[in-house]
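Peer 1: Okay, predicted coordinates and the sequence, questions at the end:
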Amino acid sequence: QVQLVESGGGLVQAGGSLRLSCTDSGRTSSDYAMGWFRQAPGKEREFVAAISWNGGRTYYYYADSVKGRFTISRDNAKITVYLQMNSLKPEDTAVYYCAATLSLFNLGSRLNYDYWGQGTQVTVSS
């Protein structure tokens, strides 16, 4: 069973960087597409980035708000997914969640994911 655990959150000043990690302790997610979402207080959970594999190729997806600043990647064993966040802004403050799905489509929708981690807090001070 997929069991996702996020880490790497914290407090950082605007303009700084953080790297989030999401590890599948169940070690079963190698065939899953993986996504990062975030939820700020009083707001809905929103898509941040996703990574998938099909036909030997890797595909990357990003929300417009993070393009050019965030990078999603995965280790060769496909057990850990990373989200490198650079040039952070106060509006990036949120709880960040990783998620897994067997689907290759509509990876920007949180409704399409079957497994979720517990979340890690990212706070960006101005």
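Peer 2: In hand now; what should we look at? Numbering: from 1, shown residues only.
Peer 1: Below-threshold pLDDT in this structure: ranges please.
Peer 2: 27-29 (pLDDT under 70).
Peer 1: Can you show me the strands along it?
Peer 2: 4-7, 10-13, 18-24, 33-39, 46-54, 57-62, 70-74, 80-85, 94-101, 115-116, 120-125 (DSSP state E).
Peer 1: Ok, which of those strands comes nearest residue 109?
Peer 2: strand 46-54 (7.3 Å; CB to CB). (Glycine included, C-beta is placed from N, CA and C.)
Peer 1: which other residues reach that closest one?
Peer 2: Strand 46-54 is contacted from outside by 33-39, 58-63, 66, 70-74, 81, 83, 96, 104, 107-110, using CB atoms under 8 Å, 6 or more residues apart in numbering.
Peer 1: Output the strands of the chain as a markdown table; include the columns mean neighbour count.
Peer 2: Formatted as a markdown table, the strands of the chain follow (neighbours: other CB atoms under 10 Å):
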| stretch | mean neighbour count |
| --- | --- |
| strand 4-7 | 18 |
| strand 10-13 | 13 |
| strand 18-24 | 21 |
| strand 33-39 | 24 |
| strand 46-54 | 19 |
| strand 57-62 | 12 |
| strand 70-74 | 18 |
| strand 80-85 | 22 |
| strand 94-101 | 24 |
| strand 115-116 | 18 |
| strand 120-125 | 17 |
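Peer 1: contacting residues for the nearest residue to residue 3 once chain neighbours are set aside?
Peer 2: Counting by CB to CB, 6 or more residues apart in numbering, residue 3 lies nearest to residue 26, which is 4.0 Å off, once chain neighbours are set aside. By CB under 8 Å, 6+ apart, residue 26 lies in contact with 1, 2, 3.
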